[in-house]
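S.K.: sequence below, structure please.
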Amino acid sequence: MDASALNDPRLKALIEEERTKALTNEFVAKMTDVCWDKCITGSIGSSFSRSEASCLSNCAKRYAELKMLTMQKLTSSR
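M.R.: Numbering: from 1, shown residues only. You can find the predicted model right below:
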């Protein structure tokens, strides 16, 4: 690959798309770890209890909101 290929807008777009996918996967994995540890207290069965399901839902919402607020603060302070 020659150096001019690095300036190709299609390559840049592909790299950015892959970067976004990687960040999304990282976010979901971290949220899953945090919320699972917080909410799943019993043995693993075929389904979650009502309280576990509610906790997971609330945890995921709060985690996503906190992540968005953090990103907004970081980008506005630049």
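S.K.: who does the helix or strand harbouring Ser51 touch, helix- and strand-wise?
M.R.: Applying DSSP states H and E as the criterion places Ser51 in helix 50-76. Helix 50-76 sits against helix 9-39, with contacts defined as 3 or more C-beta pairs under 8 Å, 6 or more residues apart in numbering; DSSP states H and E. Glycine gets a C-beta too; all of them are placed from N, C-alpha and C.
S.K.: just give the number of residues close to the nearest residue to Val34 once chain neighbours are set aside.
M.R.: Sequence neighbours aside, Tyr63 is the residue nearest to Val34 in space, at 6.2 Å (criterion: C-beta to C-beta, 6 or more residues apart in numbering). Tyr63 has 17 neighbours, counted by other C-beta atoms under 10 Å.
S.K.: quick one: Tyr63 and Trp36 touch, right?
M.R.: No: using C-beta atoms under 8 Å, Tyr63 is not in contact with Trp36, being 11.5 Å away.
S.K.: against Cys55, how distant is the residue nearest to Leu56 when sequence neighbours are not counted?
M.R.: Excluding the flanking residues, the one nearest Leu56 by C-beta to C-beta, 6+ apart is Cys39, at 4.9 Å. From Cys39 across to Cys55, the span is 4 Å (C-beta to C-beta, to the nearest Å).
S.K.: equivalent analysis for Phe48, please.
M.R.: 9 Å.
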